[in-house]
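**Student:** here is my input, please return the structure:
(chains A and B, ligands or ions: 1)
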Amino acid sequence: MENCVRLNVPDRNLSSARMKVMRAAWAAKYFSKFDRQSILNIAEAVADAGFEKADYFAEWAVQETSYGVVEHKTLKNQLCTHDLLAYYRDLDLITPRVDTRRKVIELPSPAGVVFALAPATNPIATIYFKVMLAILSRNAIVISPHPVAKTCSVAAAQHLADAAEVAGAPAGIIQCVEEPSVSLVEDIMGSDKINVILATGGSQMVRAAYSSGNPAIGVGPGNGVAFIDPSADVDAAAKCLVESKSFDNSVLCTSESICLTLEKNRGNMERALRSAGSHICNAEDSDRLRDFLWGDNGFNLAAIGKSADWIAHEAGIRVHAATKVLVPVIEHPGQDDALFREKLCPVLTLTAAVDFGQALTFAAHVARRGAGHSAAFHGNNNDRLIAFSGSVPVHRVVVNAPCSQGAAGFATHLPPSFMIGTGYAGRSSVSENIGPQHLTHWKKVAFARDAVADLDEINFDVMYDTLLKTPPASISASRDSLPQFTEDTLRTLIREELRNLRGVQS
Amino acid sequence: MFDYGYFSFESKDDLLNKAARFWNPGKVKFWTDTGTPMVIDRREGYRLYDMSGKSLIDLHLNGGTYNFGHRHPELVEVLKSGLDYFDMGNHWFPSVARAAFAEKLVNTAPHMKYAIFGAGGAEAVEIAIKTARYATKRKKIVSIIKGYHGHSGLSVATGDVRFSEIFLADRPDEFVQVPFNDLEALAQVLQKGDVAAFIIETIPATYGFPMPEAGYLKACQDMCHKYGAKIISDEVQTGLMRTGIMWGWQGYGMQPDIFVCGKGLGGGIYPISACLVTEECGQWQLEDGAAHISTAGGSELGCLVGHHVLEMLQRPEVISNIEFVAQFFAQSMAEMMVRHGDIFCGIRQRGVVIGLEFDHPEGAVAVSRALYENGIWAIFSSLDKRVLQFKPGVVKDVELCQEIMDRFDAAMPRARQFLSRMRKVQ
Ligand SMILES: Cc1ncc(COP(=O)(O)O)c(C=O)c1O
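**Tutor:** Predicted structure coming up:
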């Protein structure tokens, strides 16, 4: 009794999170009127700041979560700065669009307040990424990090927020919840003060986002299957697979889960994978691995984002110290083996179909577990590539490239993204790689079909009420809060206005 | 039928009749005549609902009492939790809630030594005046013309004669008034060397928030000290972050000897007020701790709520919100003045303390009525009816603020109509 709290204290974290959302709404009001150059300047400043501390936060994230590899996380963080900005620099989400032929004017309308979830496996890259998206689309963002990554996440968000504010963004444009919890996230997700949720994380979180009653963009889990066609250069393919699967210890949902080939090609594939740095498991090793990775409660969370070496050791498998990927082999693809499920660790299940037909059926079958997500094809036969792509229920097929980087747009020309839309197949509202364009809608102003409409010189400045455009500078306590107008200038303004009015009337 | 379980009324008219019959006929008549016959029924956030069902956004806040809005859920939670453990408490004894709250208050103003509690603003002013008299052994109290400090015996004597003479409570020999922003006048009174204290609202609310001239308040303080008098800041309407900082005097480079706060201190759900004093002024508490006592003063439930009110006001998110709200109204009102400059002729603002001047001696009464019709409740300044008190709360959000401005804009033509009628009558 002595040590228990005698009164019930309101949840301070929840009320502080609600206030953050409120503050974000204020910031968004002003930010949504910023011009393109100011936005690019702020994006630039945020990118610079993010790049500069990419390694610092990568190290912190690995230390705090124990997931992944510092160098790879550094790279991912960096990709979300200048590379991301370079990709979207010319995507103008700010200037109104005029289609003189169709007589339609489009005015951008940013979402407002974005509520963003960031997962434990990619805490910093996700924050960098979503923050850049919010800036480029002129939205305010409130981030709720995964509780196991909260300290580094809060620091990273603050770092970007500082940079944005110094570059002229309104205070409160980037905020991060300090003490996230499931109940807090549910409360905020259901709040009518947020405009869209960007949900990355476990399926339950994503489903909760969609059930919140608010617009949401959530992405589903992956279970990437890589098909190695007989036409493939197996060594190149194996190199891709190992590189992809070992990248950040495979915490990216785009990374391959299964390597599927044809029986006649299996030996070849095993050899190639081995020389690319994998350990090919014998039947016993595969059993040990399965037992270690799956317990009564599903996937063993301790294995997420750990190195091949560590997992082998824990599972009781002897491997070469330089082993990058563990490859359990399931000879016949029809079996309902746990090893065919998603594994966020460097374990790649190898299996082989008797013919291409069976390969297609099996690929489609396992891809359904990561429906809407990603798959890979290695080879030069376009007919089979198209047949494969047509049958797997995913929204991107990466060809002759590492899937984890390729699907995320870093080894292909897909948009660079850490939010991989899984479309209706994967119970998501978007099937593309998510970008800033998903956070801006366009208001359409449409003229009658056969009316004459002069759309050549439209003055869009009238949208920007000059009096409301400037973001509020912090009010210093010692200053009366009428920074731009002294009463005298106001009186002059009014007098002028009245004179103008009279002028019009006479 | 309005059935509240404990009592019921046939209609709003029934209530108005009974209120006039048993409670206060003058007040009932006044509001009916003014065209704003409000009987606040339900209330939530910054919205009030008249018994007729009419919804109003509250920009009166009863002088900042509803700084956080009505029945702020978090404060209600605090009070409910307090009720499971405390009651008003016994004012004779030390108590955990009182000690903790006093400490928290004193920490907001480190040059102060003690926090002495009351239940209402006037009571805190009473304590302040008594304290100054104790500390100086002088009797005379100076205040400003059109200042307002409450209606209890000593406090009412500082104020407008309208409220004191009627009760024969004016004491011209002990209570002297000088014009606001007039240092010379103050000097003349202080020079005689018999003044115990000069009491002043940091920004005089009931006078319509005229702004102190640069350096005025600090100069008043210095002058008081020069002549051995104490300076008392009345922070009942300017405290609690309403000027953008916890206490209004902090923004004017002052360090008053005594200051009082009330209204919003109890979150609008439990009455509490406080008078903070320096060590020197607070010596009477050593001589006779029970020289001033009050059964309802510093009730433990009030202390608990007040403690949480301060904590909430100190949060960075709340401080930032206040800046946004203040800035929004500064910009929006400037814009309104451009649009409606024929009737709307001045803005007085510091933080969320805002007074709007209209071009007619009773202009704000007309505007208040026009706003009322448009779903906004804002009250004129009793002692300067040209000025409308426009008092947003600290946790208003962007949507509500925008709605307020939309309604304000819509109300201006109606206000113009009222005003031109009033001008014709003259
Ligand atoms: C500045 C000021 N001081 C004192 C008071 C008196 O407070 P109360 O009505 O709680 O006694 C008021 C009330 O309006 C006030 O505005």
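
**Student:** check which helix or strand the nearest residue to A:H332 once chain neighbours are set aside maps to.
**Tutor:** Take A:H332 and drop its neighbours on the chain: the residue closest to it by CB to CB, 6 or more residues apart in numbering or on different chains is A:T351, 7.3 Å away. Every C-beta, even on glycine, is put in place using the N, C-alpha and C of the backbone. Element membership for A:T351, per DSSP states H and E: strand A:349-353.

**Student:** each with direction, which strands does that strand pair with?
**Tutor:** Paired strands of strand A:349-353, with direction, are strand A:256-262 (parallel), strand A:329-330 (parallel) (DSSP bridges).

**Student:** can you list the neighbours in contact with the last one?
**Tutor:** In this structure, residues lying in contact with strand A:329-330 by CB atoms under 8 Å, 6 or more residues apart in numbering or on different chains are A:E270, A:I280, A:C281, A:N282, A:A283, A:S286, A:D337, A:L339, A:F340, A:T349, A:L350, A:T351.

**Student:** and the third one, what are its phi and psi?
**Tutor:** Main-chain torsions, A:C281, degrees, to the nearest 10: phi -80, psi 140.

**Student:** got the contact list for it?
**Tutor:** A:L289, A:I317, A:L326, A:V327, A:P328, A:V329 are the contacts of A:C281 under CB under 8 Å, 6+ apart.

**Student:** likewise the last one?
**Tutor:** For A:T351, the contacting residues are A:I258, A:C259, A:L260, A:T261, A:V329, A:I330, A:E331, A:H332, A:P333, A:F340, A:F362, taking CB under 8 Å, 6+ apart as the criterion.

**Student:** what does the second one give?
**Tutor:** By CB under 8 Å, 6+ apart, the contact list for A:I280 reads A:E270, A:L273, A:R274, A:V327, A:V329, A:L350.

**Student:** mind running it again at 6 Å?
**Tutor:** Taking CB atoms under 6 Å, 6 or more residues apart in numbering or on different chains, we find A:I280 in contact with A:E270, A:R274, A:V327.

**Student:** next one: it from A:P402, what distance?
**Tutor:** 19 Å (CB to CB, to the nearest Å).

**Student:** do the last one as well
**Tutor:** Taking CB to CB as the measure, A:T351 falls 19 Å from A:P402.

**Student:** and what of the third one?
**Tutor:** When CB to CB is applied, the distance between A:C281 and A:P402 equals 21 Å.

**Student:** before we move on, back to that, going through the contacts of A:T351, which ones are buried?
**Tutor:** Among the contacts of A:T351, those classed as buried by 16 or more other CB atoms under 10 Å in any protein chain shown are A:I258, A:C259, A:L260, A:T261, A:V329, A:I330, A:P333, A:F340, A:F362.

**Student:** phi and psi next, for the residue in the stretch 251-400 of chain B that the ligand sits nearest to.
**Tutor:** Of all residues in the stretch 251-400 of chain B, the one sitting closest to the ligand is B:G262 (4.7 Å; CB to the nearest ligand atom). Torsion angles at B:G262 (phi, psi; degrees, to the nearest 10) stand at phi -160, psi -140.

**Student:** which ones are touching it?
**Tutor:** Residues in contact with B:G262 (CB under 6 Å, 6+ apart) are B:G120, B:G121, B:A124, B:V236, B:S273.

**Student:** can you give me the pLDDT of the residue nearest to B:Y148 when sequence neighbours are not counted?
**Tutor:** Once flanking residues are discounted, B:Y148 sits nearest to B:T206: 3.7 Å by CB to CB, 6+ apart. Listed pLDDT for B:T206 reads 94.

**Student:** can I assume B:T206 is in contact with B:K385?
**Tutor:** No - at 10.9 Å, B:T206 and B:K385 do not qualify as touching, with contact defined as CB atoms under 6 Å.

**Student:** pLDDT weak spots in the chain?
**Tutor:** Assuming you mean chain A. For chain A, the stretches with pLDDT under 70 are A:1-2, A:465-506.

**Student:** you answered for a different chain; I wanted chain B.
**Tutor:** Those would be B:426, if you go by pLDDT under 70 across chain B.

**Student:** mind redoing it with 90?
**Tutor:** For chain B, the stretches with pLDDT under 90 are B:1, B:34-36, B:422-426.

**Student:** for the ligand, what is the nearest residue in it?
**Tutor:** Residue nearest to the ligand within chain B: B:G121 (2.2 Å; CB to the nearest ligand atom).

**Student:** let me see the contact set for that residue.
**Tutor:** B:G121 neighbours (CB under 6 Å, 6+ apart): B:G150, B:V236, B:G262, B:S273.

**Student:** return the distance of the residue lying closest to it once chain neighbours are set aside relative to A:L293.
**Tutor:** Using CB to CB, 6+ apart and skipping the chain neighbours, the partner closest in space to B:G121 is B:G262 (3.5 Å). As judged by CB to CB, B:G262 and A:L293 stand 65 Å apart.

**Student:** what strand or helix carries A:L289?
**Tutor:** Counting by DSSP H and E, A:L289 is part of helix A:283-293.

**Student:** leaving out chain neighbours, which residue sits closest to B:F324?
**Tutor:** For B:F324, ignoring the flanking residues on the chain, the nearest one in space by CB to CB, 6+ apart is A:W26 at 3.9 Å.

**Student:** count the residues that sit near residue 295.
**Tutor:** Picked chain A for this. For A:G295, the neighbour count with other CB atoms under 10 Å in any protein chain shown is 11.

**Student:** nope, chain B please
**Tutor:** Neighbour tally, B:T295, other CB under 10 Å: 12.

**Student:** so it belongs to a strand, correct?
**Tutor:** No - counting by DSSP: H, G, I helix; E, B strand; the rest coil, B:T295 is located in no strand; its state is coil.

**Student:** my read is that B:K12 contacts B:M51, right?
**Tutor:** Yes - when contacts are counted by CB under 6 Å, B:K12 is listed as touching B:M51 (4.2 Å).

**Student:** got the residues of the stretch 101-250 of chain B near chain A?
**Tutor:** Proximity of the stretch 101-250 of chain B to chain A is confined to B:G244, B:I245 under the rule CB under 6 Å from any CB of the partner chain.

**Student:** can you list the residues of the stretch 101-250 of chain B near the ligand?
**Tutor:** B:G120, B:G121, B:A122, B:V125, B:Y148, B:H149, B:G150, B:E201, B:A205, B:D234, B:V236, B:Q237 (CB under 6 Å from any ligand atom).

**Student:** among those, which are in helices?
**Tutor:** Members of those lying in helices (criterion: DSSP state H): B:G121, B:A122, B:V125.

**Student:** I'd like those as a markdown table, with distance to A:K239 appended.
**Tutor:** Rendered in a markdown table, the data for those read as follows (distance: CB to CB, whole Å):
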| residue | distance to A:K239 |
| --- | --- |
| B:G121 | 78 |
| B:A122 | 83 |
| B:V125 | 82 |
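
**Student:** what sits against A:C345?
**Tutor:** A:S250, A:A303, A:K306, A:I311.

**Student:** just the ones of the residues you listed in helices?
**Tutor:** A:I311.

**Student:** ranges for the helices of the stretch 151-300 of chain B?
**Tutor:** B:153-158, B:161-164, B:183-190, B:216-226, B:284-287, B:300-313 (DSSP state H, counting those that start in this stretch).
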